[in-house]
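[1] can't give you the sequence, but here's the structure:
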């Protein structure tokens, strides 16, 4: 399974899990619900996701470091400012919020099952390898960040 580490760009994973949710909804339409507030929830969570992604991207750009999640060894420093004071992975949290928004858009609670799979995949094959690479590259500076800021929220 090590072959999957840092190989699939997270934005592609967002699309893959979105398609999985759509397939679940298509295969199990009998579980669809009608919630009067589902569109509001979908748009709110989607916008929150976009905000988190953009805030993370801006923090990386301001720090003049790479935003390429498949090449953490190219990072020039540990970003600890902006949104990174609250989450070590705000962009991935943004993707998770977008998937949750899609669940509300589909109005099928069974599609929610894809979200823990997304988190498990991201933790195992993206985040943990990133953390290992950043700790190797930045040592105590990264360890301090790791110990003071939560992985997701």
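    Cool, the structure landed. Note that this is a predicted model, so its numbers are computed, not measured. Numbering: from 1, shown residues only.
[2] how much space is there between the residue of the chain positioned farthest from its centre and residue 109?
    Relative to the centre of the chain, the most outlying C-alpha is that of residue 30, 29.1 Å out, by CA atoms, centre = their mean. Distance of residue 30 to residue 109, computed by CB to CB, to the nearest Å: 12 Å. In short, each C-beta sits where N, CA and C put it, glycine included.
[3] mind listing the helices for the chain?
    Here the chain has its helices, by DSSP state H, at 10-27, 38-62, 90-106, 114-121, 128-138, 140-148.
[4] relative to residue 2, how far out is the residue positioned nearest the centre of the chain?
    What sits nearest the mean C-alpha location of the chain, by CA atoms, centre = their mean, is residue 92, with 1.6 Å. As judged by CB to CB, residue 92 and residue 2 stand 20 Å apart.
[5] please apply the same query to residue 49.
    The span separating residue 49 from residue 2 equals 29 Å under the rule CB to CB.
[6] over to residue 24?
    For residue 24, the distance to residue 2 - CB to CB - is 29 Å.
[7] higher neighbour count, the two?
    residue 24 (19 against 8; other CB atoms under 10 Å).
[8] dump the residue contacts of the more buried one.
    108, 110, 111, 113, 114 (CB atoms under 8 Å, 6 or more residues apart in numbering).
[9] surely the third one is in contact with residue 25?
    Spelled out, that is residue 111. Yes - counting by CB atoms under 8 Å, residue 111 does reach residue 25; the two are 5.4 Å apart.
[10] of these two, who's got more company?
    Applying other CB under 10 Å to residue 111 and residue 25 shows that residue 111 carries more neighbours, namely 26 against 19.
[11] which residues does that one contact?
    Contacts of residue 111 by CB under 8 Å, 6+ apart are 21, 22, 24, 25, 102, 103.
[12] could I get the helices of the chain in TSV, plus columns for mean pLDDT?
    Formatted as TSV, the helices of the chain follow (pLDDT from 0 to 100):
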stretch	mean pLDDT
helix 10-27	98
helix 38-62	97
helix 90-106	98
helix 114-121	98
helix 128-138	96
helix 140-148	97
